[in-house]
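Visitor: fold the following for me, if possible:
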Amino acid sequence: MPRKEPAIDMNALRLSARKEVARNYSTSLMSNTKWRTLFKALEASDVDIKGIAVKFLGDSHEWSPVFPGLYPPHAYVDLWPLNVHPLVEIEWIEFRRIVVKTRPNNVPPALLPQDVDAIRTVIEATGKRFPIEVTEQGLRIVGHLK
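Guide: Now for the predicted structure:
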């Protein structure tokens, strides 16, 4: 009989992330509603988003999922192929001017230009004040500050 993996308790994961924020970060700049407003505005726009970089709480590694899916409940986002994550786990996301796409069979990565000015215009058109930082590589939306 195949072994069944235990179910992930998403609520416990979300509460654990909230505790980590309270312990290790000085302030939170993004709520679930603000993250979803950001993602919905970009999804509804005609801006061609080629990729994002995401840093999660307590993780030293950056991840490059596809654009977030908003079908999960309000406090969560689908960052395929990584999985569904609580929005509170996002330390920051970055829209880079050049998106590096890996390719199979030892083919060098593709370097795709991305219009971060158009992305910023969509973000600003929401009328919300988002914590945007301009980095050497593009635009970063900061969820939490250390």
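Visitor: what comes up buried for the strand ranked longest in the chain?
Guide: Scanning the chain for the strand with the most residues, using DSSP state E, yields strand 90-96. Residues of strand 90-96 classed as buried under the neighbour-count rule (16 or more other CB atoms under 10 Å) are 90-96. No exception for glycine: its C-beta is placed from N, CA and C like everyone else's.
Visitor: just the mean pLDDT for it, thanks.
Guide: Regarding strand 90-96, the rounded mean pLDDT is 92.
Visitor: so what touches that strand?
Guide: For strand 90-96, contacts defined as CB atoms under 8 Å, 6 or more residues apart in numbering pick out 30, 35, 49, 51-57, 59, 62, 77, 114, 116, 119, 135, 137-144.
Visitor: and the residues you listed, which are buried?
Guide: Counted by 16+ other CB under 10 Å, these give 30, 35, 49, 51-57, 77, 114, 116, 119, 138-144 as buried.
Visitor: next step: those residues restricted to strands.
Guide: Those of the buried ones among the contacts of strand 90-96 lying in strands (DSSP E): 53-56, 77, 138-142, 144.
Visitor: kindly reformat the residues you listed as a markdown table containing pLDDT.
Guide: Formatted as a markdown table, these follow (pLDDT from 0 to 100):
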| residue | pLDDT |
| --- | --- |
| Ala53 | 88 |
| Val54 | 88 |
| Lys55 | 88 |
| Phe56 | 85 |
| Val77 | 68 |
| Gly138 | 95 |
| Leu139 | 95 |
| Arg140 | 96 |
| Ile141 | 95 |
| Val142 | 94 |
| His144 | 84 |
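Visitor: TSV please, covering those and showing distance to Val84.
Guide: Output for those, formatted as TSV (distance: CB to CB, whole Å):
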residue	distance to Val84
Ala53	19
Val54	13
Lys55	17
Phe56	13
Val77	7
Gly138	25
Leu139	25
Arg140	23
Ile141	19
Val142	22
His144	19
